[in-house]
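Asker: Model the structure of this input:
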Amino acid sequence: MAQSDPKSIKMQTRTLTRGRGTGKVLNLSIRLQGIQRQVNGQQYCVLRQTGTGLPSNRRLVCVLDGAGSSTSSHAEIVTALFSEFFQTHLDQSLLPIVWNGNGDLQNAEVPLFEKFVHRVKGRQTPFSGVALPVRLGAEGNGYLIFTGHYLDISAELLVEIHGKCYQIMKDMLAADERRTNHNDNLSEREMVCLQMASDGHISEEIADRMGLSVHTVNAYLGTATTKLNSVNRIQAIAKALRLGYIN
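Answerer: This next block holds a predicted model:
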């Protein structure tokens, strides 16, 4: 398996997390800690795939983890040992990955569900773990990983937390996209117009409900489309939904 430089991983982690809103990170951390408790884990980390094309051009980078140096070291160990395998697995399967730690009691138990997970052979890490793959296509791919001494995960719980991991990754990507697009700060009226257009109302109906002229409504929709870097109203609505401006 390909080895990763821990110092490089630390640097990339700081770079990707810098500038993120404190409130957003706190919200994500609370949700991740909730899953961590559900599986009886002690640490968590989020790995995102960077680069495109051939596997050799892609890397898994830690973009968020729990507080404390021990958690960071867990992310570094996992990435250094399993990066190549994790990337290959992500291309081929969405089955969760589990592994046992090198201690006698460091096990990841998935009773009655072993055929629906991929278990790493051997005991290569000083902790057990579960890695839940998330594949969102062009939006982004990666893993949410939970580690600890003894993990006990029922079939029902595994399905539940995998769904939660998808939503967390989507929310993280949406927050990052909003942060990196400098011109997408929509005004309240632009968001209202987009919301009503998303609900199926034409410009004339929106104008009537908002007490505006049709020209003004179209102007709001036009500037919103430009700010969202979209080619038309439909694409702007889709992007606004993804970024959480409308629902």
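Asker: how about residue 103, secondary structure?
Answerer: When classified by DSSP: H, G, I helix; E, B strand; the rest coil, residue 103 comes out as coil.
Asker: is it true that it touches residue 150?
Answerer: No. When contacts are counted by Cβ atoms under 8 Å, residue 103 is not listed as touching residue 150 (9.3 Å). C-beta: built from backbone N, CA, C; applies to glycine.
Asker: between these two, which one's more packed in?
Answerer: residue 150 (18 against 14; other Cβ atoms under 10 Å).
Asker: which ones are touching that one?
Answerer: 40, 105-109, 128 (Cβ atoms under 8 Å, 6 or more residues apart in numbering).
Asker: if we go to 10 Å?
Answerer: 39-42, 100-101, 103, 105-109, 127-128 (Cβ atoms under 10 Å, 6 or more residues apart in numbering).
Asker: can you list the residues you listed in TSV and add distance to residue 28, secondary structure and pLDDT?
Answerer: Putting the contacts of residue 150 into TSV (distance: Cβ to Cβ, whole Å; DSSP: H, G, I helix; E, B strand; the rest coil; pLDDT from 0 to 100) gives the following:
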residue	distance to residue 28	secondary structure	pLDDT
39	17	coil	96
40	21	coil	95
41	16	coil	94
42	18	coil	92
100	28	coil	97
101	26	strand	96
103	30	coil	91
105	31	coil	91
106	27	coil	95
107	28	coil	96
108	23	strand	96
109	27	strand	94
127	22	coil	95
128	23	strand	97
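Asker: roughly how far apart are the residue located most distally from the centre of the chain and residue 88?
Answerer: Computed with Cα atoms, centre = their mean, the residue of the chain farthest from its C-alpha average is residue 213, at 40.7 Å. Distance of residue 213 to residue 88, given as Cβ to Cβ, to the nearest Å: 57 Å.
Asker: what's the answer for residue 247, then?
Answerer: Distance of residue 247 to residue 88, computed by Cβ to Cβ: 37 Å.
Asker: Between those two, which is the more surrounded one?
Answerer: Between residue 247 and residue 88, counted using other Cβ under 10 Å, the more crowded position is residue 88 (12 against 7).
Asker: per-domain residue ranges of the chain.
Answerer: Domain assignment for the chain by automatic domain parsing gives 6-179, 188-243.
Asker: element containing the residue nearest in space to the middle of the chain, please.
Answerer: Nearest residue to the geometric centre of the chain (Cα atoms, centre = their mean): residue 169, 1.6 Å. Element membership of residue 169, judged by DSSP states H and E, is helix 155-180.
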